[in-house]
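Asks: Provided below are the primary sequence and the corresponding predicted coordinates.
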Amino acid sequence: MANEAMSNNKIRSNFKKLRAQKGYSLEKVARLAYLSLNTIVRLESGVNKNPTIGTLTKIANALEVSVDDLLK
């Protein structure tokens with residue numbers, strides 16, 4: 001459990017950092033990733049504690065990074 005929470009915090013903080021580096025709004029990431037704004041907000045706020053690999057792949061593609069960059 002603690003490990004899962006730690007990896008979720010990693011995803012969340014990496015996503016925030018990478019999004020800020022690109023200067024992208026939550027809305028822009030949602031549009032580029034073909035995901036709902038709600039999905040993006042829930043991920044960044046930590047509400048979605050278990051995003052699917054599909055969701056992470058879409059977000060990584062939108063940010064032009066690898067899924068690894070979100071997970072590391």
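Replies: Looks like it came in fine. Note that the structure is predicted; figures quoted are calculated from it, not measured.
Asks: And the pLDDT for the residue most central in space within the chain?
Replies: For the chain, Phe15 is the residue whose C-alpha lies nearest the centre (CA atoms, centre = their mean; 4.5 Å). Per-residue pLDDT puts Phe15 at 95.
Asks: What are the contacting residues of whichever strand or helix holds it?
Replies: Assigned by DSSP states H and E, Phe15 belongs to helix 2-22. Residues outside helix 2-22 that contact it (CB atoms under 8 Å, 6 or more residues apart in numbering): 26, 29, 43-46, 49-51, 56, 59, 63-65, 69-72. (Each C-beta comes from the backbone N, C-alpha and C, glycine too.)
Asks: Quick one, which of these are buried?
Replies: Among those, those classed as buried by 16 or more other CB atoms under 10 Å are Val29, Leu43, Glu44, Pro51, Leu56, Ile59, Leu63, Val65, Leu70.
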